[in-house]
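Enquirer: Pasted the sequence and its predicted model underneath.
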Protein chains: 4
Amino acid sequence: MAGNTFGKLFRLTTFGESHGSAIGGIIDGCPAGLKLDFDKIELDMRRRRPGQSVIVTQRKEEDAVEFLSGIFQGVTTGTPIAFSIANTNAKSKDYSHLKDTYRPSHADYTYDAKYGIRDYRGGGRASARETAARVVAGAIAKQIMKDISITAYVSSVGNVCLDKHYTELDFDNIESNMVRCPDTKTALVMEEYIRGIRKKGDTIGGVVTCVIKNVPVGLGAPVFDKLHAKLGMAMLSINAVKGFEYGSGFAGTKMLGSAHNDRFLKDFTTETNYSGGIQGGISNGEDIYFNVAFKPVATLMQKQDLLHKEGRIVTEQGRGRHDPCVVPRAVPIVEAMAAMVLVDAWLQARTDKI
Amino acid sequence: MAGNTFGKLFRLTTFGESHGSAIGGIIDGCPAGLKLDFDKIELDMRRRRPGQSVIVTQRKEEDAVEFLSGIFQGVTTGTPIAFSIANTNAKSKDYSHLKDTYRPSHADYTYDAKYGIRDYRGGGRASARETAARVVAGAIAKQIMKDISITAYVSSVGNVCLDKHYTELDFDNIESNMVRCPDTKTALVMEEYIRGIRKKGDTIGGVVTCVIKNVPVGLGAPVFDKLHAKLGMAMLSINAVKGFEYGSGFAGTKMLGSAHNDRFLKDFTTETNYSGGIQGGISNGEDIYFNVAFKPVATLMQKQDLLHKEGRIVTEQGRGRHDPCVVPRAVPIVEAMAAMVLVDAWLQARTDKI
Amino acid sequence: MAGNTFGKLFRLTTFGESHGSAIGGIIDGCPAGLKLDFDKIELDMRRRRPGQSVIVTQRKEEDAVEFLSGIFQGVTTGTPIAFSIANTNAKSKDYSHLKDTYRPSHADYTYDAKYGIRDYRGGGRASARETAARVVAGAIAKQIMKDISITAYVSSVGNVCLDKHYTELDFDNIESNMVRCPDTKTALVMEEYIRGIRKKGDTIGGVVTCVIKNVPVGLGAPVFDKLHAKLGMAMLSINAVKGFEYGSGFAGTKMLGSAHNDRFLKDFTTETNYSGGIQGGISNGEDIYFNVAFKPVATLMQKQDLLHKEGRIVTEQGRGRHDPCVVPRAVPIVEAMAAMVLVDAWLQARTDKI
Amino acid sequence: MAGNTFGKLFRLTTFGESHGSAIGGIIDGCPAGLKLDFDKIELDMRRRRPGQSVIVTQRKEEDAVEFLSGIFQGVTTGTPIAFSIANTNAKSKDYSHLKDTYRPSHADYTYDAKYGIRDYRGGGRASARETAARVVAGAIAKQIMKDISITAYVSSVGNVCLDKHYTELDFDNIESNMVRCPDTKTALVMEEYIRGIRKKGDTIGGVVTCVIKNVPVGLGAPVFDKLHAKLGMAMLSINAVKGFEYGSGFAGTKMLGSAHNDRFLKDFTTETNYSGGIQGGISNGEDIYFNVAFKPVATLMQKQDLLHKEGRIVTEQGRGRHDPCVVPRAVPIVEAMAAMVLVDAWLQARTDKI
């Protein structure tokens, strides 16, 4: 299997199936000499954790991160940072009925077709539980570039949209509600909406917006490794993501160049920021902002048609513990992936000039 | 500079500035034994070429591809395929006024800030001329997987949208009009629209849609190298791209899971295809389709404010030869990048099972 | 820190310091569908283990390998195989005196100068204990290519040399003696020799020879990734290695071309094999054989001068548990690294032709 | 084909067959802002060039390097530096007899077996002509790290050995004789020796020694990417190389640890340097030195038995223009590969600490 490693200089390699003994990863390329704040790692892990509110899955995962190497007396030594998160709450019997059947819009069928074998318990390697390892690495990445702030929030759930530009929002409100929407009023509407959908055993998609401030000028590269291309790939690698746009995004396709161009001010900043903080693939010091589209979770608490390996349709009642809407928990994952992209570009930038 | 190489097993490394002596690239990892159809390469180059119609730039580039290695008696030998495209039509004097000034929403400023030096003539390395090399590699990649068809077309220009699903369109019409829109009526409206914008010296954005058919089941990988994540990065690495969505995309965020899930049929295909041909990062045999958002070109034929290196604003009249709308010429580039992603995944898939 | 990952398609990333909580690794790219023989892994671990005989270190490490992922019902699933080996026998107090001093010909000084921080206990990341992870991955790699046999043995210890060509030796004798020399008589001389050196608290170097049989024609690549270049890098990455030669090696520099050229026989084999089974970087089906030079271990049980951080010389008596000669235990490590190189080339070869 | 790229941050990708239209490469990752001295590049190219003296091949290659990108007004811009060297003197008819036959100890057979097709003219991609591209990149790499000096020389030809330590030699003599041996007396003996072998149409091997001075402390990495492992791989990737040893090398295997350990002096240097300037994979500031073993060239000007594809032996008289001994011309190639390894490590080191 390819592609369990993310990044070039700051690299995360993850491992683990949702119902194996543990998941985790190895961070290689973390610079030596960083005093780690473990509380910050724990905080981001709590934000991703299932069971944190009534609108997300009630599965309880302790997600205690055990660091196995790379840290000496609380400081990174530059050697690989390995960590492991035990799968203490895995209820494998919940999944035995999936041994020979494929759920719609899951990875079950493609996995089996590709590898000829799969750990069918809880999604195995395809489970979003893998993203816990990303949050650990992201929480460390965030600490490397102390000046940069990376803030993600929920900007829409189904048809409930937060119709305000990020500059009008108070990010301090994000963690004050279950949906992680910085507008308290909209947050309440979203919550009600999700509760309603949950009752019907259904699920709904949404959008996470991410804003990165205080980015130094000069991160990224102009051709294949454009900073937004790396961010896009990072986001699209998160489970359930269907789209990515930065700066003016899809709406920008409808603008005239004369309106879209960001006029320079004399201090080298720009009047507008349709560019989304990146020009020619390289950060220009303005805020980087982007949207990430999440589809509705495929696991329903309803009757559904499954495909049996032998080519017959099997109807089953969905059960288990699942999210009716994944975006509130996706917020720290989006931040983590963004942090890893930035740190990688930041280290790369050290080598670009003589 | 990082990131001039794309791909892992089928790799393209490109070189060249728009006003240097040549641009080109090296394709490494192309399997040995492929009889090349050079006409097909030439055809895709013509589709990308400036000056092909009145609604694109009138710059004339011959873009004759010279192959330097890797091909023996018309067949690939497995060794690196180097190719070079001379910059015969580069008018360097056109750009001398840009030596010390930064154009809005271009890479001028970020480049200078990052590298401390830049070839300011015609965008240098940041020029979209670099994509010619991608088209060469993509045209070869297309020939490796003969059964797969990759078709891109223009689905919107500014507010003029083609409101039809790709399954309702006749792809044979795409090359019959200047905009590369498969719906002849809409194409005419788009053309008129672009002509009007061109007259004002302005530019407009648009969307390119790409459809990939006959993809074998099992391409891609489930974690960081999800097939759609690679496609997304590929598209976002094209100049002027601001967004990417596949399958249900951003619209899918508004759907319920019960509507979005693609029910299996007994023959292992699916009734609907909101998944966009990819589940869990791996192709499922259904059509892969995605949208790519292009911003309006930043170079205007209008008066614009530039920033001088010394921090003063300079007003200049735009001149030279530029596209009022980039999407018609972007069509073959989107196809080329998609072809490279697929071939890479196709080679990788050979190593995934014992 | 760079370079904790080995391989391109079959990749091992290792982690761990000798006195942290654990060492281990992640194997990514292992093909799906391989039924693992865990006894074979255990056997190779035992061969590398300290304390197995009186002529190697008396440190006892259990080295129990715990697999955390990637294996389902005894079969590889293609997902990353993570494994961990607890550091149960780490006596950290043994090393406290090394906190501020640098031992001669160790990594102490270079580490501190480079990273500004180091885990000084037992060599930290620079400890040869890291090679246990390589043996695990190598033992799995060996099982992928069942027909290939990889056999290493000790061919010299100090001045005691086994002056026989590998074709004259009975490899079944290798594991019958403590030195892992296939010639029983020479083995006894080597053992006596090492015992004598051990009594004086001194150490001695040696050479490990490795022979690979039944290699398919066509592994390797002709330019930078020549099969022998990859083997050489693999061997030189083992602690204490100072040299590598394959086929005729250094002795071949003294031969005339007319004597050195390997004449073809009509069955596409060759009469002689000075090429060492590799021509133009690609295996030709003949036996691959090479020598690996190991320096004497730097840790002595004698008085030695250490350098204090502050620039003064400190005399100390060596203590702890160390090998007087490392080559007997290096044998399985050499095999493991060779196995990883071959599997990587074997997977790569699947992608080389159309 | 894998492996046409060397390096991680400073990367060279080469292309070309000996009898195609050109060979060359792309250097990616060269830092921006380096004022290039083109005479130094030309000088190293001349040192590698065939036909420079009577004891090397009389083939004449102009080897004029044409730079296509990445350099603006004589300064590197950070963008890829592409260069091309035309194959002006390729006499393809010389090789037509090799279309269906395999020469002993060449890459002919392995190539055909692996790829099913090959450019049989002059060795095609397996030709040592590829190393010209390495010399270009190495000559640029040397200029990046101005303080470091990299000097290679011939230390043995067949049985004629220069039995002096490098510290006893005057490197200024190296270029004063055809063999590139810094001891004028030994050089003369070597020359006579090679002339004699040439007359018989035979060839002979030899050893190139390389010494690197003024290396900063801290280049390299402690696990797989040990500095000497990278150097070893670099050297073993040069055509005809059979072995590599650094520091005490194979002779060091016969030493006691008490003699081999390099005692520290109070100024953090060492009294001896058996470590060869590298400890734990990381440079310690002492001289790095190593030996590279070259086999005798396989192409003889004698009658030889070739294998026809159909499995019969064909006797042919060797003809064409070839080196009786490759080591004099290998000297700049060894230096070039060493320079690339060092620059890569030097750039990497910028990212290792916070």
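Expert: Nice, I can see it.
Enquirer: and stretch A:146-161 with chain B, contact?
Expert: Yes: contact of stretch A:146-161 with chain B (C-beta under 8 Å from any C-beta of the partner chain) involves A:Ser156, A:Gly158, A:Asn159. C-beta: built from backbone N, CA, C; applies to glycine.
Enquirer: Nearest to A:Asp287, out of the residues you listed: which one, please.
Expert: Proximity of the residues of stretch A:146-161 next to chain B to A:Asp287 (C-beta to C-beta) peaks at A:Ser156, which lies at 19.7 Å.
Enquirer: Do I have it right that A:Phe268 meets B:Asp108?
Expert: No: the pair A:Phe268 / B:Asp108 is not scored as a contact, 11.5 Å apart, by C-beta atoms under 8 Å.
Enquirer: between those two, which one's more packed in?
Expert: B:Asp108 (26 against 15; other C-beta atoms under 10 Å in any protein chain shown).
Enquirer: Report the contact partners of that one.
Expert: In this structure, B:Asp108 makes contact with A:Gly280, B:Leu98, B:Thr101, B:Tyr102, B:Arg118, B:Tyr120, judged by C-beta atoms under 8 Å, 6 or more residues apart in numbering or on different chains.
Enquirer: circling back to that earlier point, including secondary structure and pLDDT, could the residues of stretch A:146-161 next to chain B go into a markdown table?
Expert: As requested, these are exported to a markdown table (DSSP: H, G, I helix; E, B strand; the rest coil; pLDDT from 0 to 100):
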| residue | secondary structure | pLDDT |
| --- | --- | --- |
| A:Ser156 | strand | 98 |
| A:Gly158 | coil | 98 |
| A:Asn159 | coil | 96 |
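Enquirer: in the worst-scoring helix or strand of chain A on mean pLDDT, what counts as buried?
Expert: When the helices and strands of chain A are scored by mean pLDDT, DSSP states H and E, strand A:313-317 comes last with a mean of 91. Neighbour-count burial for strand A:313-317, counted by 16 or more other C-beta atoms under 10 Å in any protein chain shown, picks out no residue.
Enquirer: Please export the C-alpha coordinates of it as PDB.
Expert: Taking C-alpha atoms only, strand A:313-317 is exported to PDB below (Å, rounded to 0.1, in the frame of the first residue of the first chain):
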ATOM      1  CA  ILE A 313     -28.400  -7.600  -2.200                       C
ATOM      2  CA  VAL A 314     -28.800  -7.900   1.600                       C
ATOM      3  CA  THR A 315     -30.900  -5.500   3.600                       C
ATOM      4  CA  GLU A 316     -29.600  -4.600   7.000                       C
ATOM      5  CA  GLN A 317     -30.500  -2.200   9.800                       C
END
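Enquirer: pLDDT on the helix or strand just after that strand, on average?
Expert: Counting by DSSP states H and E, the element after strand A:313-317 in chain order, helix or strand, is helix A:327-349. Average pLDDT, helix A:327-349: 97.
Enquirer: Now do helix A:327-349: which elements does it pack against?
Expert: Contacts defined by 3 or more C-beta pairs under 8 Å, 6 or more residues apart in numbering or on different chains; DSSP states H and E place helix A:327-349 against helix A:38-48, helix A:131-144, strand A:149-157, strand A:206-213, helix A:227-236, strand A:288-294.
Enquirer: Include mean neighbour count when you put those into a markdown table, please.
Expert: As requested, these are arranged in a markdown table below (neighbours: other C-beta atoms under 10 Å in any protein chain shown):
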| stretch | mean neighbour count |
| --- | --- |
| helix A:38-48 | 17 |
| helix A:131-144 | 26 |
| strand A:149-157 | 24 |
| strand A:206-213 | 23 |
| helix A:227-236 | 29 |
| strand A:288-294 | 27 |
